[in-house]
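**Q** sequence unknown, structure follows:
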C-alpha cells in the first residue's frame, strides 16, 4: 500500500509535538480533584499560588481556557506578594500561563509572558528559569515554522543547560525539543542522538511518561528511515510503558504510529485493529486531534480496499471534526484576545484608582493636622491618667515577679525531694546486697561451707559495680538537670570507645559466664562528648549484662547509618530475657524524672534512671535511641550519634 508522503510526515511530526506538550512536569490527572479540594483549604497566599499554578499546568493541554483563568489568578496574586517570595512564584506562574496562551494560539501574548519570566529569572540568576523560558520560546517559533529563530533559543538553552543549576527535567525537555527540530529539518541521525540523550534523562529522573514519549519519537524516526524492525521494537516498548502508566493519550498517539508501521509493512488487518483501538482511546480521553488522525487513516485504508462507501463515511467524520476543531481554536483565540483586552482595561482602571488614591492622601494629610491638634489636648489630659496606670502596672509587675519566684522555689523543692527519693531508692538495693553478704559470711563460717563462701567475693563485686553505676548515673543525671554538665563534642574513634567499654565489663562478664564481642571499623569516628558517650555505652552494656543469663552473649557494634550519612549507629544486642512491647513503650515514653516505686522488682532493677540519662545525652547530640525487644528473644538498643 502506498500513502502520500505528506500524510506520513504530518502524522509522525504531530505525534511528536503533541507528546512534547504532555510530557512536562505536573500531577497525574487523577490528582486534579484532590488539588482542587486542597485549594479550598489553604490559608496562606504562597500555598494558594502554588496550587493555582499546578492546576493551571495540569489543565493547560486539555482545557486551556479554564487553565488560563487559573493562571491569570495565580499571576495576579503573585504580583501582590512582597519580596523575596514574589519573584520566584511570579516567574513560575508566568511560565505556566504562557503555555496556556500558546495552546490557545495566542503566540504574541505567550511570548510577552515568557519575556517577563525570563527577565525575572535573569534578575534572580535563576538558570533553570532562563532555560525553561528559552525552551518555551523556541517551541513557539518552531510551531510558527520559524526554525531559525527556534534554533537560536534552543542553542541559548543548551548553553545554560551545561550548568548543574539547571534541573534534569528542564534539560530533558530542552534536548527533546532540539531533537524534534532536527527531525523537522530531516537531520535524522542528529535527531536520534538528541532523543537518545533525552531518553536517558527520562529514565534517570525517572519519568515513565517522558520515557514512553522519547521511545515513540525514536521509533517514528526509524520508521521514516525505513529501519522497520527497530521502529517496531521502540514503538512496542513505548506502548507497553504507556499501558502500564494508564496514559490514554500516549497510547492513542503511539497506536497511530504503530498503524503507520503496519501500513508501511502492508498489514491491513493489524492497521485497522490498532487504528480502531487508538480511535477508542482518543475518544475516551477527549483527544480530538488523535481522533481526527484515526479518521484519516481509516478513510485511506477503506479506499485502498475499494470500500468507497466506508471511506466516504470516515472522510465525512474527518471533515466534521476538523471543522469543529477549527471553530474551537477560533473561539479559544477570541477568548485569549478578550482576556488581553480585559487585562489592559484592568490596568487602566488601576491607574485611575492610583490617581484617586493620591488625591485622597493629600486630603488625609490635612485632616491629620487637625487631628494632631486635638490629640495634643488629649495627651495633656491623658498624662496624669498614665502616671496613675504606671504605678498600678509597677505594682502588678512586682506581684507577678513574686508569684514566678514562688513557683520556681516550689519546683526546686519538688526537684530536690524527688532527687533524694531516687538516691535513697537506687542505693537501697546495693546496700541491702552488702548486708546480705555479711550475713551469708557468718552463716557459711558457722556451717564451715567453704564452697559457698568462695562465691561471696563475686556477689560483693557485683554489688559494688551496681552501686558505682547507680552513683554515676544519679550524679550525671543531677548535673545534667542543673545545666552544669558541659557539652564538649570532639572527633572520637568508635572502635576505641567500644574496646574500652568491653574491657571495663570483661571481669564482670567472666564472673557471670557471659561473652562480650565488639565490631567496628578502625576508621569510623563520631563527633560527640567523650564523657557522655562513655556513660551511654556503660549503661547499655551494663543493662545488657544484668538481664543476660549465664552463658549469654552481648554484642557491641558500630556502623554508618544507611538512611542518613551524617549519623553513626551504635548498637548493643544481648541474648537475655527480652521485654514485652508494653515494657518497651513505657521505657521509651517515660518521664524526664523517673518516679521511685516500692515494688520489690523495681527495687532490684532500679527506676530506669540509666535509660533516662542515655536518652537525654543522645538527644543532646541530636540523635535518637531505639529499643527493639521480644520476650525470650533478647534486646537490641540502637543510638545514633553524629559522624565526625
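**A** Thanks, I have it. In this text the structure is predicted, and so the values were computed from the model without any measurement.

**Q** How about residues contacting stretch 181-201?
**A** Applying Cβ atoms under 8 Å, 6 or more residues apart in numbering, the external contacts of stretch 181-201 come out as 13, 16, 138, 142, 147, 150-151, 154, 168-169, 171-173, 175-176, 178-180, 210-211, 214-215, 217-218, 221-222, 224-225. Using the backbone N, CA and C atoms, a C-beta is placed for each residue, glycine as well.

**Q** my read: residue 212 touches residue 243, true?
**A** No: Residue 212 is beyond contact range of residue 243, at 9.3 Å (criterion: Cβ atoms under 8 Å).

**Q** Give me the more crowded residue out of these two.
**A** More crowded of residue 212 and residue 243, by other Cβ atoms under 10 Å: residue 212, with 28 against 14.

**Q** what helix or strand is that one on?
**A** helix 208-224 (DSSP states H and E).

**Q** downstream neighbour of that helix in the secondary structure list?
**A** Next element after helix 208-224 (DSSP H and E): helix 228-245.

**Q** so what secondary structure elements neighbour that following helix?
**A** helix 208-224, helix 248-264 (3 or more Cβ pairs under 8 Å, 6 or more residues apart in numbering; DSSP states H and E).

**Q** what angle separates it from helix 208-224?
**A** 160 degrees (axes from the mean of the first three to the mean of the last three Cα atoms, to 10 degrees).

**Q** residues near residue 230, how many?
**A** 14.

**Q** and it, what does it touch?
**A** Counting by Cβ under 8 Å, 6+ apart, residue 230 touches 219, 222.

**Q** at 10 Å instead, please
**A** Counting by Cβ atoms under 10 Å, 6 or more residues apart in numbering, residue 230 makes contact with 218, 219, 221, 222, 223.

**Q** ok, so of the residues you listed, who is nearest residue 121?
**A** residue 218 (31.2 Å; Cβ to Cβ).

**Q** how close does that closest one get to residue 271?
**A** Distance from residue 218 to residue 271, counting by Cβ to Cβ, to the nearest Å: 21 Å.

**Q** same thing with residue 256?
**A** Residue 256 is 10 Å from residue 271, by Cβ to Cβ.

**Q** which SSE is the residue of the chain most remote from its centre in?
**A** Computed with Cα atoms, centre = their mean, the residue of the chain farthest from its C-alpha average is residue 446, at 74.2 Å. Assigned by DSSP H and E, residue 446 belongs to helix 308-447.

**Q** average pLDDT for that helix?
**A** Across helix 308-447, pLDDT averages out at 75.

**Q** next one: stretch 78-95
**A** Averaged over stretch 78-95, pLDDT sits at 82.

**Q** Contacts for that stretch next, please.
**A** So stretch 78-95 is contacted by 45-46, 49-50, 52-54, 56-57, 70-77, 112-121, 123-124, 126, 128-130, 132-133, 135-136 (Cβ under 10 Å, 6+ apart).

**Q** which of those count as buried?
**A** 49-50, 52-54, 56-57, 70-75, 77, 113-114, 116-118, 120-121, 126, 128-130, 132-133, 135-136 (16 or more other Cβ atoms under 10 Å).

**Q** pLDDT score assigned to residue 23?
**A** 33.

**Q** Same check on residue 210?
**A** Confidence for residue 210, expressed as pLDDT, is 88.

**Q** For residue 254, see how far away the closest residue to residue 251 other than its chain neighbours is.
**A** Leaving aside its sequence neighbours, residue 251 sits nearest to residue 242 (Cβ to Cβ, 6 or more residues apart in numbering; 4.6 Å). Distance, residue 242 to residue 254, by Cβ to Cβ: 6 Å.

**Q** So which of the buried ones among the contacts of stretch 78-95 are in helices?
**A** The members of the buried ones among the contacts of stretch 78-95 that map onto helices under DSSP state H are 49-50, 52-54, 56-57, 70-75, 77, 113-114, 116-118, 120-121, 128-130, 132-133, 135-136.

**Q** where exactly do the strands run in the stretch 501-644 of the chain?
**A** Using DSSP state E, counting those that start in this stretch, the strands found in the stretch 501-644 of the chain span residues 515-519, 525-529, 553-560, 567-574, 625-629, 635-642.

**Q** Need the ones you listed in TSV (columns: mean pLDDT and distance to residue 361).
**A** Formatted as TSV, the strands of the stretch 501-644 of the chain follow (pLDDT from 0 to 100; distance: least, Cβ to Cβ, whole Å):
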stretch	mean pLDDT	distance to residue 361
strand 515-519	91	76
strand 525-529	91	59
strand 553-560	92	64
strand 567-574	93	58
strand 625-629	91	62
strand 635-642	93	57
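
**Q** Which one of those strands lies nearest to residue 586?
**A** strand 625-629 (10.5 Å).

**Q** mind listing what the closest one pairs with, with the direction of each?
**A** strand 635-642 (antiparallel) (DSSP bridges).

**Q** now the nearest residue to residue 124 once chain neighbours are set aside: how far from residue 94?
**A** If the residues on either side of it in the chain are set aside, residue 124 comes closest to residue 87, at 5.5 Å by Cβ to Cβ, 6+ apart. Using Cβ to Cβ, residue 87 is found at 11 Å from residue 94.

**Q** Contacts only, for residue 270.
**A** 258, 259, 261, 262, 263.

**Q** And the residues you listed, which two are furthest apart?
**A** 258 and 263 (9.8 Å).

**Q** shared neighbours of these two, anything?
**A** What both residue 258 and residue 263 touch, as defined by Cβ under 10 Å, 6+ apart, is the set 223, 270, 271, 275.

**Q** Tabulate these (TSV), appending secondary structure.
**A** Formatted as TSV, these follow (DSSP: H, G, I helix; E, B strand; the rest coil):
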residue	secondary structure
223	helix
270	helix
271	helix
275	helix
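
**Q** Generate a PyMOL selection restricted to the buried subset of those.
**A** PyMOL command restricting the shared contacts of residue 258 and residue 263 to the buried ones, with burial defined by 16+ other Cβ under 10 Å:
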select buried, resi 223+271+275
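
**Q** Pretty sure residue 143 sits against residue 105.
**A** Yes: applying Cβ atoms under 10 Å, one finds residue 143 in contact with residue 105, separated by 9.2 Å.

**Q** What score does residue 644 have for pLDDT?
**A** For residue 644, the model assigns a pLDDT of 86.

**Q** how much space is there between residue 568 and residue 516?
**A** Distance from residue 568 to residue 516, counting by Cβ to Cβ: 20 Å.

**Q** One more: residue 549?
**A** On the measure of Cβ to Cβ, residue 549 and residue 516 end up 15 Å apart.

**Q** Could you do residue 503 as well?
**A** Taking Cβ to Cβ, one finds residue 503 at 9 Å from residue 516.

**Q** more crowded one of those two?
**A** residue 516 (24 against 11).

**Q** What's opposite the more buried one in the beta bridge?
**A** Beta-bridge partners of residue 516, as defined by DSSP bridges: residue 554.

**Q** residues touching it, list them.
**A** 498, 501-506, 508-510, 541, 544-545, 548, 553-556, 572, 574.

**Q** Just the buried ones out of these, please.
**A** For these, buried by 16+ other Cβ under 10 Å: 498, 501-502, 504-505, 508-509, 541, 544-545, 548, 553-556, 572, 574.

**Q** quick one on the thing from earlier: okay, and the common contacts of residue 212 and residue 243?
**A** With Cβ under 10 Å, 6+ apart as the test, residue 212 and residue 243 both reach 250, 251, 254.

**Q** State the distance from the last one to residue 587.
**A** The one in question is residue 254. On the measure of Cβ to Cβ, residue 254 and residue 587 end up 58 Å apart.

**Q** okay, those two: which has more neighbours?
**A** Under the neighbour definition other Cβ under 10 Å, residue 254 and residue 587 were set side by side, and residue 254 has more, 32 against 17.
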